[in-house]
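Have a look; sequence and predicted model below, questions after that.
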Amino acid sequence: MPPNRQLEKSFFLLVSLFGLAVPGPAQAQELAGDRPRVFFDCRGPRCDSSYYRTEISWVTWVRDQRDAQLHVIMTSQQTGAGGREFQLDFMGRESFEDYEAQSRFQSLPTDTEREELDGVALTLGLGMAQFANQSGFRNVVQLNDISGGGTGPTVPEGILTQEEVDDPWKLWVFRVNADGEYDGESARETWNMRSSFRASRVTPTWKQSYNGNYSRRHQEIEFPDRAPFIDERYDWGVSWRVVYSLAERVSTGFSGNVGRNTRNNQSRWGQFNPAIEYSFFPYEEATRRSFTAFYEIGPVYREYIEETIYGKAEELQGEQSLSLQFSQRQPWGYARVSLRGSAYLHDKSVNNTSLSGDLSFRITRGLELEVGADYSRVRDQMYLAGGGMSQEERLLRLQREATDYEASLDFGLSYQFGSIFNNVVNNRF
């Protein structure tokens, strides 16, 4: 971001907040010491709720608009210059139903993702600060300069605990999904059915998530000179992860899985892994930069649909893995690098090493480079079926195939030039 634009943002933010942080005497309601409950309603680009929750930690974010005192709706549309105009509508609820306000932020077509997120976070924070000031929430408006260079008051930790609210669900959140699809032609048809379940609970000390899924697939292809090919299969799985905040930068816990995976030749399989993670940066900075080391170890049981290439119908082995992951979101763009290595305990030569990364880099004004790459050295396919596979199974990739490596690469350049002042939005056609 150009220095003059950054200084302008910082100055405007500090002046606005010092003006908003001290309500007048007439506004000092009985809500003193409370925090406004906010529901963020967004569908589309830059709906990164984790980022805004990290940057604006002095409000209570809620998952249902019926629990909110302020409902924020964010929408966006493309401008004539290729940027985006974000519109934020602030609507009061409960005893604040008469409150209405609107803010807009227009990004430049040459802005990076980080610059857009910072602009939206600034607009969102100022809008909520104005609501807090006018509605009598005292001593809660404490926003720092989101560029990281501010010297304002310390932002509260911003994590909601069960003791702070009267929550009959005890901070548990549940989600159930079910969907299906059908695709048919005169010589072929395919149908799929899927369902899933998720339960999660997050507190300052514990983080728990439990997931379940079931899928069923039928595929039939007719041939003029031989019998039709019919493939029908089902898969299911249950997984869980429990994490405990052991220290400021250390977390420990365990994860596990049980299920069925026909593509991997597994009629039943299960895994239980104690794990530990170390963060080189504070966890509070995860939306901006993150560098973690993650290690897990545990037993893996597999019962196979077909006998494997090693003559196994079932087996129990120990497996370990170490992952290093780095990501950073800055005004120049975004970068992520992940390195993972795993090996079986009974034979270290049975292993897998993978390296992946993504980069979005602004070379100069309007010119951006985007690169994504993945590479895996595969030496751990102990589950491969010994009977081989049919030509149809290979072409349709219904079964795993023996390989020494897997690789992918995508890249591109984009350059945008011309006027940056055509900010008119025209919704016709």
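Great, that's in hand. What you see is a predicted model; the values in this text were computed from it and never measured. Numbers count the residues shown, from 1 in each chain.

my read is Met91 is in a strand, agree?
Yes: Met91 forms part of a strand when assessed by DSSP: H, G, I helix; E, B strand; the rest coil.

Quick check: bridge partners of it?
Here Met91 sits in beta bridges with His71, Glu100, as judged by DSSP bridges.

Let's see the pLDDT reported for it.
Note on Met91: pLDDT of 91.

who's in contact with it?
Taking C-beta atoms under 8 Å, 6 or more residues apart in numbering, we find Met91 in contact with Leu70, His71, Val72, Ile73, Tyr99, Glu100. Every residue, glycine included, has its C-beta placed from N, CA and C.

Just the buried residues from the residues you listed, in ChimeraX please.
In ChimeraX, this line selects whichever of the contacts of Met91 come out buried by 16 or more other C-beta atoms under 10 Å:
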select :70,71,72,73,99
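
and the two most separated of the contacts of Met91?
Ile73 and Tyr99 (13.8 Å; C-beta to C-beta).

any idea how the protein splits into domains?
3-147, 184-415 (automatic domain parsing).

So which of these is the most surrounded?
domain 3-147 (a mean of 17; mean count of other C-beta atoms under 10 Å).

Please tell me the pLDDT value assigned to the nearest residue to Phe417 once chain neighbours are set aside.
Of all residues not flanking Phe417 in the chain, Gly366 sits nearest, at 5.2 Å (C-beta to C-beta, 6 or more residues apart in numbering). On pLDDT, Gly366 comes in at 78.

What of Phe223?
pLDDT for Phe223: 91.

Please report how far it lies from Ala187.
Computed with C-beta to C-beta, to the nearest Å, the distance linking Phe223 and Ala187 is 8 Å.

what does Ser255 give?
For Ser255, the distance to Ala187 equals 44 Å [C-beta to C-beta].

do Cys42 as well
Cys42 sits 44 Å away from Ala187, going by C-beta to C-beta.

host element of Ala129?
In the assignment (DSSP states H and E), Ala129 maps to helix 113-135.

centre of the chain versus that helix, how much separation?
The chain centroid and the centroid of helix 113-135 are separated by 21 Å under C-alpha atoms, centre = their mean, to the nearest Å.

Could I get the average pLDDT for stretch 267-275?
97.

Show me what that stretch is in contact with.
For stretch 267-275, contacts defined as C-beta under 8 Å, 6+ apart pick out 252-261, 294-305, 319.

Sketch out the low-pLDDT regions of the protein for me.
1-33, 80-81, 138-166, 419-427 (pLDDT under 70).

Just the strands from the stretch 201-350 of the chain, written as ranges.
Taking DSSP state E, counting those that start in this stretch as the criterion, the stretch 201-350 of the chain carries its strands at 206-221, 229-245, 250-261, 266-279, 289-304, 314-330, 333-344.

strands paired with the fourth one, and their directions?
Sheet pairing for strand 266-279, assigned by DSSP bridges, gives strand 250-261 (antiparallel), strand 289-304 (antiparallel).

who wins for proximity to Thr123 among those?
strand 289-304 (22.9 Å).

got the contact list for the residue nearest to Phe417?
Pro109, Thr110, Tyr415, Gln416, Phe417.

how much space between the last one and Arg268?
Between Phe417 and Arg268 the distance is 58 Å, computed by C-beta to C-beta.

go on, the fourth one?
Taken as C-beta to C-beta, the spacing of Gln416 relative to Arg268 amounts to 53 Å.

What of the first one?
According to C-beta to C-beta, Pro109 and Arg268 sit 53 Å apart.

for the third one, same thing?
Distance check for Tyr415 against Arg268: by C-beta to C-beta, it reads 53 Å.

same check, this time on the second one
Taking C-beta to C-beta as the measure, Thr110 falls 53 Å from Arg268.

same thing with Gly180?
25 Å.

ok, now Gln391?
28 Å.

Over to Phe137?
From Phe137 to Arg268 the distance is 54 Å (C-beta to C-beta).

hmm, back to that, now the domains of the chain in a markdown table, with distance to Val173?
As requested, these are exported to a markdown table (distance: least, C-beta to C-beta, whole Å):
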| stretch | distance to Val173 |
| --- | --- |
| domain 3-147 | 6 |
| domain 184-415 | 5 |
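
for those, which one sits closest to Phe174?
Comparing these by their distance to Phe174 (C-beta to C-beta), the top pick is domain 184-415, with 5.1 Å.

Pull the distance from that closest one to the chain's centre.
What separates the centre of domain 184-415 from the centre of its chain is 16 Å, taken as C-alpha atoms, centre = their mean.

Endpoints of it, how far apart?
Terminal residues of domain 184-415 lie 41 Å apart, using C-alpha to C-alpha, to the nearest Å.

Out of the strands paired with strand 266-279, which gets nearest to Ser279?
Each of those has some distance to Ser279 by C-beta to C-beta; the shortest is strand 289-304, at 5.0 Å.

With only the CA atoms kept, save the closest one in PDB.
Taking Å, rounded to 0.1, in the frame of the first residue of the first chain, the C-alpha atoms of strand 289-304 are listed here in PDB:
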ATOM      1  CA  ARG A 289       0.800 -14.700   9.600                       C
ATOM      2  CA  SER A 290       1.200 -18.300  10.900                       C
ATOM      3  CA  PHE A 291       4.100 -20.700  11.200                       C
ATOM      4  CA  THR A 292       3.400 -24.000  13.000                       C
ATOM      5  CA  ALA A 293       5.000 -27.400  13.600                       C
ATOM      6  CA  PHE A 294       2.500 -30.200  14.100                       C
ATOM      7  CA  TYR A 295       3.500 -33.800  15.100                       C
ATOM      8  CA  GLU A 296       1.200 -36.800  15.600                       C
ATOM      9  CA  ILE A 297       1.700 -40.500  16.200                       C
ATOM     10  CA  GLY A 298      -0.700 -43.500  16.600                       C
ATOM     11  CA  PRO A 299      -2.000 -46.800  15.500                       C
ATOM     12  CA  VAL A 300      -3.800 -47.400  12.200                       C
ATOM     13  CA  TYR A 301      -6.100 -50.400  11.600                       C
ATOM     14  CA  ARG A 302      -7.300 -51.400   8.100                       C
ATOM     15  CA  GLU A 303      -9.600 -54.200   6.900                       C
ATOM     16  CA  TYR A 304      -9.400 -54.500   3.100                       C
END
